[in-house]
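*Asks:* generate coordinates for the sequence data below:
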Amino acid sequence: MNTQSDKNIVIVGAGHAGGSLAAFLRQYGYQGRITLIGDEASVPYHRPPLSKAWLKGEIALEALYLKPQTFYDSQNIELVLGNRVVTLDPKEKVVYLSGGESRDYDELVIATGANSRRLNIPGSDLGNVFYLRNLEDAKKLAEGLRVCSRLAVIGGGYIGLECAATARAMGIEVTLFERTPRALERVASEPLSAFLTRYHATKGVEFCFEASVAEILGADRASGIRLTDGRVFQCDAVLVGVGAVPNTELAVAAGLECSNGIVVDEDCRTALPSVFAIGDVAMRPHPLFQRNFRIESVPSAMEQAKRVASYLTGKAASAAEQPWFWSDQYDLKLQMVGLLGDANQHVVRGDIESGKFCIFHFSDDRLVAAEAINASPEFFAAKKLIGVELAEDKARLSDMSVPLNEFIK
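*Replies:* Numbers count the residues shown, from 1 in each chain. As a prediction, this is how the structure comes out:
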């Protein structure tokens, strides 16, 4: 009879989700072998600083690491880096690597993350057209920004806005092109989007909304942007931030169900026995909402890693967390919790123009989301109140003289 020490867990993907899972397994007492396979040469690292502090040269590479190399050595976690899993054989419980090796497993966790959505327009393959998803991307972008005086940003999502803020802090002129009517249209409310746009504009960012890019101009290097309406803008470099695509190729080839991610249950189990999926690649039902989500965030990756580690070690899983996110832009700390999909009204606490406020979003009388700018107390209160009926308290939320603890029963 096999004991836990005879078991072997293989984690495919050494990003935040995969790296955290390896650490949680040991923390929760797992005694078996752990193999962590990543296609990058680096140990698992924090990605959010890539668009901010690291890009500006404010922190060293080692400060990005989730854990130092010595941690994996001391915890007997085998790191197989700079190597990619090319084939999964679920019948034989074996994965085959690009370097010609293979690893057998008792349990397999797919944490392959997502990759930047690529542009497919003339000029998109020029040398100074950048993306930002991993450390290698960040290194290339940092080199490009050092010799850049005018940056064109394609995409008004978080990557685009954060990099625009970083570029302005470096004294670079920035023009941001977004094909929808506003920034963060898919993930933020109109009031928050409008505030951020105004704030970026005060810092010198030029916006072009409802602007579709037809071509990146230049010979060997980008020198301009041509829109579908014929307008041309000059630039020295281009950053593309138009979303991400989950890395499901391995799962699809193995016959796993995929729909904008690998479909899993609440415990991150796939339809294949002993195969799990976590992080940006996982499409998971959230127990607090009646639908499936693929949430690209560090907190989501951490929660899923904890859940799988609990499941595999027999530890009781903690209660599901509300989805939450954050973004740093200039001196703004943006914190969001919940999901906006069902919201049909909102209440503002604080003064939007002052840059310190929280927007509470309701579906009728139920709080479903909150967006806070430099308002951490409101954000933490909202985390406790999501899903709560606040019919009598909605109006009082806007009254700054009413303490937040009065709303938390």
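
*Asks:* which residue ranges of the stretch 201-350 of the chain form helices?
*Replies:* 249-253, 298-313 (DSSP state H, counting those that start in this stretch).

*Asks:* please identify the deepest-packed of these.
*Replies:* Highest mean neighbour count of those: helix 298-313, a mean of 22 (counted as mean count of other CB atoms under 10 Å). Bear in mind the C-beta positions are built from the backbone N, C-alpha and C, glycine included.

*Asks:* just checking: what are the partner strands of the helix or strand bottoming out on mean pLDDT in the chain?
*Replies:* Using mean pLDDT, DSSP states H and E, strand 292-293 stands out as the lowest-scoring helix or strand of the chain, at a mean of 86. When pairing is defined by DSSP bridges, strand 292-293 lines up against strand 282-285 (antiparallel).

*Asks:* and the contacts of the partner strand?
*Replies:* Contact partners of strand 282-285, identified using CB atoms under 8 Å, 6 or more residues apart in numbering, comprise 246, 258-266, 268, 291-295, 304.

*Asks:* just to revisit the earlier point, so which of the helices of the stretch 201-350 of the chain gets nearest Ala167?
*Replies:* helix 298-313 (23.0 Å; CB to CB).

*Asks:* strands - which of the contacts of strand 282-285 land there?
*Replies:* Among these, the ones falling in strands (DSSP state E) are 246, 262-263, 292-293.

*Asks:* of those - the most surrounded one?
*Replies:* Ile262 (30 neighbours; other CB atoms under 10 Å).

*Asks:* how close does it get to Gln335?
*Replies:* Distance of Ile262 to Gln335, computed by CB to CB, to the nearest Å: 28 Å.

*Asks:* what sits against Ala301?
*Replies:* 15-17, 20, 278-280.

*Asks:* let me redo that: Tyr72
*Replies:* 22, 36, 43, 78-79.

*Asks:* ok, which pair from these is furthest apart?
*Replies:* Val43 and Glu78 (12.3 Å).

*Asks:* of the two, who's got more company?
*Replies:* Per other CB under 10 Å, whichever of Val43 and Glu78 has more neighbours is Val43, with 20 against 15.

*Asks:* grab the nearest non-local neighbour of Tyr105.
*Replies:* Among residues not flanking Tyr105 along the chain, Val10 sits closest, at 4.0 Å (CB to CB, 6 or more residues apart in numbering).

*Asks:* what lines up beside the helix or strand the one you found falls within in the sheet?
*Replies:* Val10 is part of strand 8-12 when elements are defined by DSSP states H and E. For strand 8-12, the paired strands and their directions (DSSP bridges) are strand 33-38 (parallel), strand 107-110 (parallel).

*Asks:* and the ones you listed, which is most packed in?
*Replies:* Highest mean neighbour count among the strands paired with strand 8-12 (mean count of other CB under 10 Å): strand 107-110, a mean of 27.

*Asks:* and that one, average pLDDT?
*Replies:* Mean per-residue pLDDT for strand 107-110: 98.

*Asks:* convert that strand to CSV, retaining C-alpha atoms only.
*Replies:* Presented in CSV, the C-alpha positions along strand 107-110 are these (Å, rounded to 0.1, in the frame of the first residue of the first chain):
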residue,chain,number,x,y,z
GLU,A,107,-1.2,13.8,-9.4
LEU,A,108,-0.7,16.4,-12.1
VAL,A,109,-1.4,20.1,-11.8
ILE,A,110,-1.6,22.2,-14.9
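
*Asks:* backbone phi and psi for Gly29, please?
*Replies:* Main-chain dihedrals, Gly29, degrees, to the nearest 10: phi 100, psi 10.

*Asks:* report pLDDT for the nearest residue to it once chain neighbours are set aside.
*Replies:* Closest residue to Gly29 in three dimensions, ignoring its sequence neighbours and counting by CB to CB, 6+ apart: Thr313, at 5.7 Å. Thr313 is assigned a pLDDT of 95 by the prediction.

*Asks:* now the one 3 residues further on
*Replies:* Per-residue confidence (pLDDT) for Ala316: 89.

*Asks:* what's the spacing between the closest residue to it other than its chain neighbours and Ser318?
*Replies:* Closest residue to Ala316 apart from its sequence neighbours, by CB to CB, 6+ apart: Ser310 at 6.7 Å. Distance of Ser310 to Ser318, computed by CB to CB: 7 Å.
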